[in-house]
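Asker: Fold the following for me, if possible:
(one chain, ligands or ions: 1)
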Amino acid sequence: MSFKLLGLSEPILKAIAKKGYTTPSPIQAKAIPPVLDGYDVLASAQTGTGKTAGFTLPMLHILSENPKEKFRPIRALVLTPTRELAAQVYANVKEYSEFLNLRSTVIFGGVNQKPQVANIRNGVDILVATPGRLLDLCNQGAISLKRVEMFVLDEADRMLDMGFLRDIERVMKLMPEKRQNLMFSATFSKEIKKLAFTILKNPVQVEATPENTAVEAISQKVYRVAKGLKTGLIIKLISEGNWKQVLVFTRTKHGANNLTKKMIASGITAAAIHGNKSQGARTKALKGFKDGTVRVMVATDIAARGLDIPLLPHVINFEIPNISEDYVHRIGRTGRAGANGVAISLVSADETSFLRDIQKLIGEKLPVEIMEGFEPDPNASTAPIKPGQNRQPRNKSKGSGDKPKSNSGSGNGGRNRNRNKSRNSGGNDRRSNNSRS
Ligand code: AMP
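Answerer: All right, here's what the predicted structure looks like:
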């Protein structure tokens, strides 16, 4: 299979060749033909599968085949849950449209809106946006979505996790009824299926990886360890393994900061990336991580979502996620594009039930090791956490230094709430927190 056989136009093929891609990835081979044929598409694909090109390439093809008048109304809207993902999708759109007469721009919160508004006033065919800033600018009359022909909802599952459902509904009301819709999601919960039903019309369904399964190229390992010894263990693993590029996940923003400081104190270059960091700080951290000046990036789930870091060799879960699907997302950061990756999870006694849930989801038992000098605490409680119960009191008593300060201020704590019955009421609060903080 070649890109040419998929029916993409010469300028797009030229841009693909410039990127060095020779063969379409499975999701591209499956998604591009129905999109080109004008169908709505529901695609199951996580980051790392080449999904961005999967929707961008046919979108560019369709838009360029049918050019509009000189004044360029927004004809394609790509909605992403995070600023980082918006920036990455936009970078891809720019690259793939290099040889086409199409204009694009990106908008997201946390930065001055004036240049964004100015760009849009100049006329753009493709807009990549996060929901909060998009709705702000629509409400101010700076953006009209009345001429949108193609709508892409990227990482729909994360959109819902972050409480964006209402915003998505608002955005849909601002677009014409007649349009082509593409929806990408890594997981397919009942809520996602419900959302797909409201957005998509007779969609073609395509799938790149089996639902909720961990990628085979990733070697996964668990270290059982006492909570208070995790920092020492992670520093030992990174230093002695001489690992050069490690993405570490913590459950909270506070935990990310704390661990970053300790890494730096022990001579490992590290940077934290989470919702409390300014856009500039996040961009700088990611750039340093990509160019190798920063060895370790410590991230919360939401901040790390959608980051394009090719061939990431190591992912470490400093704390394993309490939402099992997040484990699949996290380890999906490694072993990309056929390369082997290592995903390590440090698991303390109070995370035992989370580990069990994860193993159930991925359908395999993870190999467990104990490092000498970093043994688990035989007296620590393994009592499972009841649904809806917050982890805060449990962490508090441990004094690990990685406890969340508050639920709403944590990088991930609020997600529990979103998955509870009070999903809708809690969701919007979280959305404001994450998209604008
Ligand atoms: P994505 O899943 O869209 O975040 O893409 C993951 C990575 O794969 C990015 O670094 C892309 O540049 C790269 N990529 C996308 N399509 C291809 C392809 N057909 N061949 C090789 N690399 C690709």
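
Asker: buried stuff in stretch 86-93?
Answerer: Judged by neighbour count using 16 or more other C-beta atoms under 10 Å, the buried positions of stretch 86-93 are 86-90, 92-93. For the C-beta atoms, the positions are set from N, CA and C on the backbone; glycine is no exception.

Asker: Dump these into TSV; add pLDDT and distance to residue 73 as well.
Answerer: TSV is the format used below for the buried residues of stretch 86-93 (pLDDT from 0 to 100; distance: C-beta to C-beta, whole Å):
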residue	pLDDT	distance to residue 73
86	94	20
87	92	23
88	91	25
89	96	20
90	97	18
92	96	22
93	98	17
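
Asker: would you turn the residues you listed into TSV with distance to residue 170?
Answerer: Shown next, in TSV, are the buried residues of stretch 86-93 (distance: C-beta to C-beta, whole Å):
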residue	distance to residue 170
86	18
87	23
88	24
89	21
90	22
92	26
93	23
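
Asker: so, if you compare those residues, which one comes nearest to residue 242?
Answerer: For those, the closest approach to residue 242 (C-beta to C-beta) belongs to residue 88, at 28.7 Å.

Asker: thought the closest one was touching residue 56?
Answerer: No - if you go by C-beta atoms under 8 Å, residue 88 and residue 56 don't touch, sitting 11.0 Å apart.

Asker: Could you pull out the residues contacting both of those two?
Answerer: Common contacts of residue 88 and residue 56, defined by C-beta atoms under 8 Å, 6 or more residues apart in numbering, are absent altogether.

Asker: circling back to that earlier point, among the buried residues of stretch 86-93, which ones are in helices?
Answerer: Judged by DSSP state H, these include 86-90, 92-93 as members of helices.

Asker: now, which of those sits nearest residue 158?
Answerer: Using C-beta to C-beta, those come closest to residue 158 at residue 86, 12.4 Å.

Asker: What segments of the stretch 201-350 of the chain are strands?
Answerer: 204-207, 218-224, 246-249, 270-273, 296-299, 314-317, 341-347 (DSSP state E, counting those that start in this stretch).

Asker: and the residue lying farthest from the centre of the chain, what helix or strand is that in?
Answerer: For the chain, the residue at maximal distance from the C-alpha centroid (C-alpha atoms, centre = their mean) is residue 379, at 36.8 Å. Using DSSP states H and E, residue 379 sits in no helix or strand.

Asker: measure it to the ligand for me?
Answerer: Distance, residue 379 to the ligand, using C-beta to the nearest ligand atom, to the nearest Å: 44 Å.

Asker: how long is stretch 160-174 from one end to the other?
Answerer: 19 Å (C-alpha to C-alpha, to the nearest Å).

Asker: Likewise for stretch 157-165?
Answerer: 10 Å.

Asker: what's the average pLDDT for it?
Answerer: For stretch 157-165, mean pLDDT is 90.

Asker: That stretch near the ligand anywhere?
Answerer: No - Stretch 157-165 stays clear of the ligand (C-beta under 6 Å from any ligand atom), getting no nearer than 13.2 Å.

Asker: next one: stretch 286-295
Answerer: No - figure legend: stretch 286-295 not in contact with the ligand (C-beta under 6 Å from any ligand atom); closest approach 10.8 Å.

Asker: Check which residues of that stretch are buried.
Answerer: 286, 288-290, 294-295.

Asker: which bits of the chain sit near the ligand?
Answerer: Checking the chain against the ligand by C-beta under 6 Å from any ligand atom, the hits are 21, 23-25, 28, 47-53, 308, 310, 337.

Asker: Mind doing that once more with 8 Å?
Answerer: Contacts of the chain with the ligand, taken as C-beta under 8 Å from any ligand atom, map to 3, 16, 19-25, 27-28, 45-54, 88, 92, 306, 308, 310, 336-337.

Asker: Those in helices, which ones?
Answerer: 16, 19, 27-28, 51-54, 88, 92.

Asker: What is the nearest of these to the ligand?
Answerer: Distance to the ligand across these (C-beta to the nearest ligand atom) is lowest for residue 52, with 3.1 Å.

Asker: Could you tell me the per-residue confidence at that closest one?
Answerer: For residue 52, pLDDT reads 94.

Asker: Tell me who's in contact with it.
Answerer: Residue 52 sits in contact with 88-89, 92, 154, 308, where contact means C-beta under 8 Å, 6+ apart.

Asker: Just the strands from the stretch 1-150 of the chain, written as ranges.
Answerer: Applying DSSP E, counting those that start in this stretch to the stretch 1-150 of the chain gives strands spanning 41-44, 76-79, 104-107, 126-129, 150-153.

Asker: and the second one, C-alpha only, in PDB?
Answerer: Right, the one you point to is strand 76-79. Extracted in PDB, the C-alpha atoms of strand 76-79 (Å, rounded to 0.1, in the frame of the first residue of the first chain):
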ATOM      1  CA  ALA A  76     -12.500  22.800   8.700                       C
ATOM      2  CA  LEU A  77     -12.500  22.700  12.500                       C
ATOM      3  CA  VAL A  78     -10.300  20.400  14.500                       C
ATOM      4  CA  LEU A  79     -11.100  20.300  18.200                       C
END
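
Asker: Next, the residues that contact that strand from outside, please.
Answerer: Residues contacting strand 76-79 (C-beta under 8 Å, 6+ apart): 55-56, 59, 63, 86, 89, 93, 125-131, 134, 145, 148-154, 159, 168, 171, 175.

Asker: Quick one: the buried residues of stretch 286-295 as a markdown table, columns for pLDDT too.
Answerer: What follows is those, written out as a markdown table (pLDDT from 0 to 100):
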| residue | pLDDT |
| --- | --- |
| 286 | 86 |
| 288 | 91 |
| 289 | 90 |
| 290 | 86 |
| 294 | 94 |
| 295 | 95 |
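
Asker: Just the closest of these to the ligand, please.
Answerer: Out of these, the member with the shortest distance to the ligand (by C-beta to the nearest ligand atom) is residue 290, at 10.8 Å.

Asker: show me what contacts residue 104?
Answerer: 90, 93-94, 97, 124-128.
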